[in-house]
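Q: sequence first, then the predicted structure:
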There are 2 protein chains.
Amino acid sequence: MARPMPAGNALGIIAGGGALPIAIAQAARNSGREVFLLGISGTADEADLDSYPHAIVASGELGRQIELLREAGCTEVTFAGRVPRPKLSDLKLDAKGALAMPRILSAARKGDDALMRSILELFEQGGFRVIGTDEAAAGLLAPEGYLGRIKPNDQDLVDMSKASDIVRSMGLHDVGQAAVVCDGVALAVEAAEGTDSVLRRVAQLPESLRGTTSARRGVLVKSPKPNQERRVDLPVIGRTTIELASEAGLKGIAVQAGGALLLDKDAVTRAADKAGIFLFGFSPKELSK
Amino acid sequence: MARPMPAGNALGIIAGGGALPIAIAQAARNSGREVFLLGISGTADEADLDSYPHAIVASGELGRQIELLREAGCTEVTFAGRVPRPKLSDLKLDAKGALAMPRILSAARKGDDALMRSILELFEQGGFRVIGTDEAAAGLLAPEGYLGRIKPNDQDLVDMSKASDIVRSMGLHDVGQAAVVCDGVALAVEAAEGTDSVLRRVAQLPESLRGTTSARRGVLVKSPKPNQERRVDLPVIGRTTIELASEAGLKGIAVQAGGALLLDKDAVTRAADKAGIFLFGFSPKELSK
């Protein structure tokens, strides 16, 4: 194998789709740490992985994944990026994967969080410390306070508060991470479809219900679920989020400080300022009020 | 005016979009009662209204609406059908409408229910008794128990219970009336987009997450909100609901008995049986457990 072999304290990144895995790899490398990426086939963009030591694996090849991470000298492992629930036929179970299946399937019936926790445990039993993005790349976490120049008005604050209440209620049922409220009316609540789809849906609602690019109103609140396994699934805000929020006529986006990831903070803040959208990191205490 | 003028005890139907207003008119006429339909322009289908005494009005012409209902001999009024929140410029406010606007706008900021209540009050002050579909056409209400031949299995019952919990939680925030849960995972929660849109969204999710027409799983639960103004806004199940639930691969639909309307019960039940979907009317007590 021509792949360079980091020895000792490398960070293993189990990489699904989207820009997050590479953002973490870059942050870790910038801080002087070796990285090794395991791209989940069918989800990770292989071209993106090319600048880093990596391998492509099927999601069910659990034995091979653990072996590759060991060979690469990884002591810590982090999960990053979107991995849609695979069909059983796409799992390509190896021996270890097949042995773990009954437990994983039973956890899956309890919801996404239980499913992910059962997978994390397998890597912990494999001898790795499983860490979250907050630890693997702390610089990506949303800070507290306003990020850009735009500030909310009184109605925006009312909408933000109501959207937070909804997100908190839903979190108790292991549902979603986002809600959009405009002038006191809940326009959308996220479940399995993802935040991009939520924002596209709001853009399709009649203009009488929502804001427009020339008269913005309404707020998106994103937050981790109260019982969420934070090591695998923090909400992510990127430039696409700002673009879609802009097209939906929203006035602002609020995320829990330390509980959401910002991909390229400077570019995201500039895009929000340009669109006239406020970006706010609220204290976790505000959500538990 | 060539319109026949019912005198005395006619039922006034303020008619938005969809099949419900005509279903109510038909039920009332079958029971020997005169009816008069006020179609809200831009939402009611005028061709549908032609078989009944009717007029078309703008939503802001409140004075004219009350006058027409009086002329038609209406003592009771019921609201039926979808009326999207209009733009201010489409309201065509008459004098009474303009006078009522400050109060309506202030109510609108508190949510859909408060908005509708403030409009009902105007008709009550106009001397009408405002009744719900449950009173205007009791035969349309969903009964308790199973409607068709298909019965849920254990997993369906778990999904139904979780979806009920979600709907109940959301109702406390004046949000939506529906949720879809499949194998313990919440696939969709309704807010402003309507149940048809929810079902179309579930059909777009990866098949690994949801059922299919050949292997159905997952349940839609629809229920009125706990604080809902039932006189204006009961959930409606029609043949379209069954078709869309079928395309989304769902195994069943559960509604609150007496808290949802079935348009053409026999046709809906036949369609559900044919698709392999159970239809269940649960007792309101089951939702408050």
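A: All right, it came through fine. Numbers count the residues shown, from 1 in each chain, chains lettered A, B, ... in the order given.
Q: what are the ranges of the helices in chain A?
A: Counting by DSSP state H, chain A has helices at residues A:20-30, A:46-49, A:62-71, A:95-108, A:112-125, A:133-136, A:154-171, A:195-204, A:239-247, A:265-275, A:284-287.
Q: could you check the pLDDT of A:L99?
A: At A:L99, the model reports a pLDDT of 79.
Q: meant to ask about A:A95
A: For A:A95, the predicted pLDDT is 78.
Q: burial measure for the nearest residue to it once chain neighbours are set aside, as a count.
A: Computed as C-beta to C-beta, 6 or more residues apart in numbering or on different chains, the closest residue to A:A95 that is not its neighbour in sequence is A:G63, at 5.7 Å. Where C-beta positions appear, they are placed from N, C-alpha and C, glycine not excepted. Number of residues near A:G63 (other C-beta atoms under 10 Å in any protein chain shown) recorded here: 18.
Q: with A:T212 instead?
A: Applying other C-beta under 10 Å, we find 12 residues neighbouring A:T212.
Q: quick check: closest non-adjacent residue to it.
A: Nearest one to A:T212, counting by C-beta to C-beta, 6+ apart, is A:G249 at 4.4 Å.
Q: just checking, that neighbour touches A:P206?
A: No: using C-beta atoms under 8 Å, A:G249 makes no contact with A:P206, being 11.2 Å away.
Q: which one of those two has more residues nearby?
A: Between A:G249 and A:P206, counted using other C-beta under 10 Å, A:G249 has the larger neighbour count: 22 against 11.
Q: measure that one to A:G63 for me?
A: A:G249 is 49 Å from A:G63, where distance means C-beta to C-beta, to the nearest Å.
Q: how about A:A178?
A: 36 Å.
Q: check the gap between A:L37 and A:R129 for me.
A: A:L37 is 17 Å from A:R129, where distance means C-beta to C-beta.
Q: contacting residues for the closest residue to A:E76 other than its chain neighbours?
A: Of all residues not flanking A:E76 in the chain, A:R129 sits nearest, at 4.7 Å (C-beta to C-beta, 6+ apart). A:R129 makes contacts with A:T75, A:E76, A:V77, as judged by C-beta atoms under 8 Å, 6 or more residues apart in numbering or on different chains.
Q: please apply the same query to A:L187.
A: Applying C-beta under 8 Å, 6+ apart, we find A:L187 in contact with A:V180, A:V181, A:V202, A:L205, A:L209, A:R210, A:G218, B:A191, B:A192, B:E193.
Q: how about A:G176?
A: Neighbouring residues of A:G176 by C-beta under 8 Å, 6+ apart: A:V167, A:M170, A:V189, A:E190, A:A191, A:A192, A:K225, B:A186, B:V189.
Q: kindly state the beta-bridge partners for the last one.
A: Think B:V189. Counting by DSSP bridges, B:V189 is bridged to A:V189, B:A179.
Q: go ahead and confirm it touches A:V189.
A: Yes: contact status for B:V189 versus A:V189: in contact at 4.2 Å, counting by C-beta under 8 Å.
Q: what sits in contact with each of the two?
A: Shared contacts of B:V189 and A:V189 (C-beta under 8 Å, 6+ apart): A:M170, A:V175, A:G176, B:M170, B:V175, B:G176.
Q: wait, A:V175 sits on B:I166?
A: Yes: using C-beta under 8 Å, A:V175 is in contact with B:I166, at 6.3 Å.
Q: identify the contacts common to the two.
A: Here A:V175 and B:I166 have B:A186, B:V189 as joint contacts, going by C-beta under 8 Å, 6+ apart.
Q: separation between A:K225 and chain B?
A: 11 Å (C-beta to the nearest C-beta, to the nearest Å).
Q: same question for A:S31.
A: 36 Å.
Q: which residues does that residue contact?
A: A:S31 neighbours (C-beta under 8 Å, 6+ apart): none.
Q: try 10 Å this time
A: By C-beta atoms under 10 Å, 6 or more residues apart in numbering or on different chains, the contact set of A:S31 is A:L11, A:A136, A:A137, A:A138, A:G139.
Q: quick check: the gap between it and A:A25.
A: For A:S31, the distance to A:A25 equals 11 Å [C-beta to C-beta].
Q: repeat for A:H173
A: Distance, A:H173 to A:A25, by C-beta to C-beta: 34 Å.
Q: again with A:N153
A: 40 Å.
Q: compare those two (neighbour count), which wins?
A: Applying other C-beta under 10 Å to A:N153 and A:A25 shows that A:A25 carries more neighbours, namely 27 against 12.
Q: residues touching the more buried one, list them.
A: Going by C-beta under 10 Å, 6+ apart, the list of residues near A:A25 reads A:11, A:13, A:15, A:33, A:35-37, A:48-49, A:51-54, A:78, A:80, A:136-137.
Q: buried members of those into ChimeraX, please.
A: Restricted to buried positions by 16 or more other C-beta atoms under 10 Å in any protein chain shown, the ChimeraX selection for the contacts of A:A25 reads:
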select /A:11,13,15,33,35,36,37,48,49,52,53,54,78,80,136,137
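Q: what about chain B: which of the contacts of A:A25 touch it?
A: Checking these against chain B by C-beta under 10 Å from any C-beta of the partner chain, not one of them is in range.
Q: where does pLDDT dip in chain A?
A: Along chain A, segments meeting pLDDT under 70 span A:1-7, A:84-90, A:109-113, A:226-233, A:286-289.
Q: make it 50
A: Where chain A drops to pLDDT under 50, the residues are A:1-6, A:289.
Q: surely A:R168 meets A:S223?
A: Yes: counting by C-beta atoms under 10 Å, A:S223 is a contact partner of A:R168 at 7.5 Å.
Q: which one's more surrounded, those two?
A: Neighbours per residue (other C-beta under 10 Å) separate A:R168 from A:S223, with A:S223 holding more: 26 against 19.
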